[in-house]
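K.L.:
Below are the sequence and a predicted model for it; my questions follow.
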Amino acid sequence: MKVLVTGGGGFLGGVIVRMLRERGDEVCSFSRGEHPGLALLGVQQIRGGVEDRDAVNKASTGCDLVFHVAAKAGIWGSYQDFYQANVVGTENVIAACKSNGIGRLIYTSSPSVVFDGNDVEGGNESLPYPAKYEAHYPATKALAEQLVLAANSPELAVTALRPHLIWGPGDNHLVPRIVARGRAGKLRRIGTRPNLVDTVYVDNAARAHLQAADNLSPGSSVAGKCYFISNNEPLPLWNMINRILAAADVPPVTRSIPPQLAYTVSCICEGLWSLLRLPGEPPMTRFVAHELASAHWFDISAARRDFGYDPEISIEEGLLRLQQSLQHSKA
């Protein structure tokens, strides 16, 4: 089988590529950069952005299956940048699948598409999209997810996976941010409530993608649906953050600020950064303030039922692997 992975040079995409190669699939990675690790795996690499329709169409020619993992992530930036990468890019992937006769498409979505700032405890796929979003990333990912699900047909079977807070060795987003801010003494607990939060180890998230693909076909129980993916081990958020910090030999976060103060600060920061066009991102945003102060964990029984997903690597084992990876990178 020949498989296209958009964002194959990224964190999750790279593990999906590795697993596909391990089982003998021919893989083409479509991403903006060149990645030596993919070359060692014998992966064909095509450089480009998903907002370029012709480039996406060319990269997917001759493929049997597409994993659309590429996206613009983050908590700050222009709406147009997020829209081009996440919405237009997804439109282009869907169009390429149709024009090239590709029968299966797995889209990497996000649980943030249903986050409205309030607690989500044991939520399942019946949760609605909120009327309003506090960040461009979840807003554009929700639009893209709806495009994918609407494209499901007898000719193109699609499914959308929502892995929650992916982490592990090689993480270039969540873990580095936590560690950098922890080392700089810039992390503060938001409130003192032990709000439970799901996460997912990267290998579990990648394996879920392959399992969904293997069970996806027109008219199958997987086609046209979205699924939450996690380690199914919800923990108090700040316990999990402190365990990641410990893996990097960084002291735990002990100081806290009230949730309302954090939200007020986030509104001021967003206003200043927008008005003055300050570089970088604000130290706090409304979306992050609400995420850090709320519970959000999900029921993964639908993924278990429809394609046999069961997280193989526990948080305990994942943290050990993360610690070993971080120690190796310092050596």
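P.N.:
Received, thanks.
K.L.:
mind listing what residue 125 touches?
P.N.:
225-228, 302 (C-beta atoms under 8 Å, 6 or more residues apart in numbering). Any C-beta I mention is one placed from the backbone N, CA and C, and that applies to glycine too.
K.L.:
I'd like the distance between it and residue 39.
P.N.:
38 Å (C-beta to C-beta, to the nearest Å).
K.L.:
one step back: in strands, which of the contacts of residue 125 appear?
P.N.:
With DSSP state E as the criterion, strands contain 225-228 from among these.
K.L.:
Pull out the buried positions in the helix or strand where residue 144 lies.
P.N.:
Of the helices and strands defined by DSSP states H and E, residue 144 is found in helix 136-150. Neighbour-count burial for helix 136-150 flags 136-149 (criterion: 16 or more other C-beta atoms under 10 Å).
K.L.:
Equivalent analysis for stretch 310-322, please.
P.N.:
For stretch 310-322, by 16+ other C-beta under 10 Å, it's 311, 313, 315, 318-319, 321-322.
K.L.:
if we can go back for a sec, between the buried residues of helix 136-150, which is nearest residue 182?
P.N.:
Minimum distance to residue 182 across the buried residues of helix 136-150 is 22.7 Å, recorded for residue 137 (C-beta to C-beta).
K.L.:
Now do residue 331, the pLDDT please.
P.N.:
Per-residue pLDDT puts residue 331 at 62.
K.L.:
Ranking by neighbours, what's the top pick from the ones in strands among the contacts of residue 125?
P.N.:
Using other C-beta atoms under 10 Å as the neighbour test, the ones in strands among the contacts of residue 125 are led by residue 228, with 28 neighbours.
K.L.:
Would you confirm that it contacts residue 303?
P.N.:
Yes. Counting by C-beta atoms under 8 Å, residue 228 touches residue 303, with 6.9 Å between them.
K.L.:
if we can go back for a sec, farthest-apart pair in the contacts of residue 125, please.
P.N.:
Checking those with C-beta to C-beta, the most distant pair is 225 and 228, at 11.0 Å.
K.L.:
overlap in contacts of the two?
P.N.:
In contact with both residue 225 and residue 228: 125, 302, using C-beta under 8 Å, 6+ apart.
K.L.:
For residue 210, grab the count of nearby residues.
P.N.:
There are 18 residues near residue 210, going by other C-beta under 10 Å.
K.L.:
quick one: contacts for it?
P.N.:
Residue 210 touches 16, 19-20, 23, counting by C-beta under 8 Å, 6+ apart.
K.L.:
I'd assumed it was in a helix, is it?
P.N.:
Yes. Assigned with DSSP: H, G, I helix; E, B strand; the rest coil, residue 210 falls within a helix.
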